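Novice: Okay, sequence plus prediction incoming.
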Amino acid sequence: MQTIGKFLAAICAILFIISGVFVLLLFNIEEKAFSSATYKQAFENQGLYQRMPTILGTALATFITENQSAVPFLKVVKVEDWQNIISALLPPEELKAVADNALDSTFDYINGKTNSATISLLLLKAHLAGDSGVNVVVEIEHSAVCNQIKCVSSLALLFWDHDLRRAESQ
């Protein structure tokens, strides 16, 4: 009987140690996985902050071209132009601040510290209201006007060619 008791005590001690190690491991994973600092460090290590204008420009251009109800003059803006626009409106250090604030807000919501996740666009609004905003509008208009001029020129050449052929046939 005493041997069975010692055997059960040994099994319980072994299970306690295994479960203790398992709990510590999961606790450390939870601490890292649900912390915005972990993701900020990963973004920094992977150079995501430097590539963000490229990623956002590509995503924005794709969304606009695939969206049936998008404003037509925005559809002619190229991916490179969107990347330049994003870079002009939010310089790298400010884009990093917006991304960091978004991460903090998201993880505060996930961890139950707030009732919602929010992204502050005050920096973007400030740049839109300033010289950067004017430059962006000029760049979009220039891109749209250039494409319209190409389109009108092509149509004019088509009609001119058609008129020449009609004149030759008479």
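Specialist: Looks like it came in fine.

Novice: center of the chain, which residue is that?
Specialist: Leu56 (4.7 Å; C-alpha atoms, centre = their mean).

Novice: Against Thr3, how distant is it?
Specialist: Separation of Leu56 from Thr3 (C-beta to C-beta, to the nearest Å): 69 Å. The way it works is simple: take the backbone N, C-alpha and C, and place the C-beta from them, glycine included.

Novice: cool, Glu31 as well?
Specialist: On the measure of C-beta to C-beta, Glu31 and Thr3 end up 42 Å apart.

Novice: Who has more neighbours out of those two?
Specialist: Glu31 (10 against 7; other C-beta atoms under 10 Å).

Novice: now the helix or strand where that one lies, how far from the chain's geometric center?
Specialist: Glu31 is part of helix 2-33, with elements assigned from DSSP states H and E. On the basis of C-alpha atoms, centre = their mean, to the nearest Å, helix 2-33 sits 43 Å off its chain's mean C-alpha point.

Novice: Would you indicate which residues of the following helix or strand past that helix are buried?
Specialist: Counting by DSSP H and E, the next helix or strand C-terminal to helix 2-33 is helix 36-46. Within helix 36-46, the residues scored as buried using 16 or more other C-beta atoms under 10 Å are Ser36, Tyr39, Lys40, Phe43.

Novice: Ok, stretch 121-139 next?
Specialist: For stretch 121-139, by 16+ other C-beta under 10 Å, it's Leu123, Leu124, His127, Ser132, Gly133, Val136, Glu139.

Novice: which residues are in contact with it?
Specialist: Asp81, Asn84, Ile85, Ala88, Leu89, Leu90, Glu94, Ala97, Val98 (C-beta atoms under 8 Å, 6 or more residues apart in numbering).

Novice: What average pLDDT does it get?
Specialist: Mean pLDDT, computed over stretch 121-139, is 80.

Novice: cool, and stretch 81-91?
Specialist: The model assigns stretch 81-91 a mean pLDDT of 87.

Novice: just how off-centre is that stretch within its chain?
Specialist: On C-alpha atoms, centre = their mean, the centre of stretch 81-91 falls 13 Å from that of its chain.
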